[in-house]
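1. with the input below, show me the fold.
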Amino acid sequence: HIYTLISAYGGPSCFLPANAYFVLGSTKGPVLIFDDKEYLQSILAPSCSIITNTNTTSNLNSIQGIRSPVTHLAISWDGTHLAAAYETGDIFIWDLNRTSKPREDQQNTDTTTDHDPLDEISPVYAILHITKHVGSSINGLEFRDRRHTALVVSDLNGNVYYHNGHRTKLWQLTYSSTGMLTIPSNEILLSTSLHTVQKSNGMLAILTNKLFCITTIEQTLNENDSVIKKKNQNLVHTPLILYKNDVTVTQQNNQNGNHSIVPNNGISWYSNPITSSSIIYLSYFINSTISTLVFRSTDQTKFQLLQN
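-> Residues are numbered from 1 along each chain as shown. This next block holds a predicted model:
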């Protein structure tokens, strides 16, 4: 049932599970939200514009926005906002409180007639469009702390940015971008992942083809002028690093049989608030090698390594 619906948008390209819902990013741009009964709840359009013509015969054609595969999805701490990154480098944020409603042209139709679920739901349009990474390949997307319009984003060019959404004097939503980190040119930034620890603004895990490290968001934003930017220096030399470990990347062939410059990789945080919110599990992998760390968070956002 799900694949039948999402096939109208080219098929799934990204997946995000939540407590009672799950989110599917499509290869043609729109993001679909299903409940645990597999019923379509919302269609998120990759655009901040509102459609004016509802007389089209194709639901996909009636949705304005970019046509690009979704590569990353992130949800805010309270589940009210969702962000998506695209292959083009575009990023959109949606307010999920703006629930999808039946189309006006469908409200007065005969309810005994079968309708396509895609035609019965009006798309929800984004509240913010971030274009700083257009032309780059995004490899990290996370909401910052309890903010709904603040994101930490990294790309394959080796840049990590903090995008801060805010209102203008005319109450229009816009954003500012702050460079947090720049990876040396002799390294490849593979992935980043942000995790909020107690009352801090979070710990940022960074994985390159040479090392894995953890830094704090507060220090990175306050001291970005002193961040490593020299070609002959590595991230391990900066005082912002809380944990570091060298990694080894073995070349593997991609689906075409050629050597892949960017290996298969990822980072995942986990903590169980029921048992102990101070115990944090962190896993990262490159190709077929997985490493898991167990930390205990202490006061002043310090980490104590318990197990490697």
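2. show me what the nearest residue to Lys132 once chain neighbours are set aside bridges to in the sheet.
-> In this structure, Lys132 finds its nearest non-sequential neighbour in Ser177, 4.9 Å apart by Cβ to Cβ, 6 or more residues apart in numbering. Placement of C-beta: from N, CA and C, glycine included. Under DSSP bridges, the beta-bridge partners of Ser177 are His163.
3. so Ser177 sits against His163, correct?
-> Yes - look at Ser177 against His163 with Cβ atoms under 8 Å: they come within range, at 5.3 Å.
4. intersection of neighbour lists for those two?
-> Residues touching both Ser177 and His163 by Cβ atoms under 8 Å, 6 or more residues apart in numbering: Ile130, Lys132.
5. and these two? which has more neighbours close in?
-> More neighbours surround His163 than the other of Ser177 and His163, with 21 against 16 (other Cβ atoms under 10 Å).
6. who touches that one in this structure?
-> Ile91, Ile130, Lys132, Ala150, Leu151, Val152, Val153, Tyr175, Ser176, Ser177, Thr178.
7. ok, now how distant is it from Ile206?
-> 17 Å (Cβ to Cβ, to the nearest Å).
8. now do Tyr21
-> Counting by Cβ to Cβ - Tyr21 and Ile206 are separated by 30 Å.
9. and Ser49, by the same measure?
-> Taking Cβ to Cβ, one finds Ser49 at 35 Å from Ile206.
10. cool, Arg98 as well?
-> Arg98 sits 34 Å away from Ile206, taking Cβ to Cβ as the criterion.
11. over to Ala45?
-> Ala45 is 32 Å from Ile206, by Cβ to Cβ.
12. quick revisit: between Tyr21 and Ile206, who's got more neighbours?
-> Taking other Cβ under 10 Å, Tyr21 and Ile206 do not tie; Ile206 has more neighbours (24 against 16).
13. so who does the nearest residue to Ile93 once chain neighbours are set aside touch?
-> Of all residues beyond its chain neighbours, the one nearest Ile93 is Leu128 (4.3 Å), with distances taken as Cβ to Cβ, 6+ apart. Neighbouring residues of Leu128 by Cβ under 8 Å, 6+ apart: Cys48, Phe92, Ile93, Thr149, Gly165, Leu173, Thr174, Tyr175.
14. next, give phi and psi for Leu128.
-> Torsion angles at Leu128 (phi, psi; degrees, to the nearest 10) stand at phi -150, psi 140.
15. please report the distance of it from Cys48.
-> 7 Å.
16. who touches both of those two?
-> Residues touching both Leu128 and Cys48 by Cβ under 8 Å, 6+ apart: Phe92.
17. now Ser193: how far from Ser42?
-> 26 Å.
18. could you pull out the strands for the stretch 51-200 of the chain?
-> Per DSSP state E, counting those that start in this stretch, the stretch 51-200 of the chain carries strands over the ranges 70-75, 81-86, 91-95, 124-125, 128-130, 138-143, 150-155, 159-167, 173-182, 189-195.
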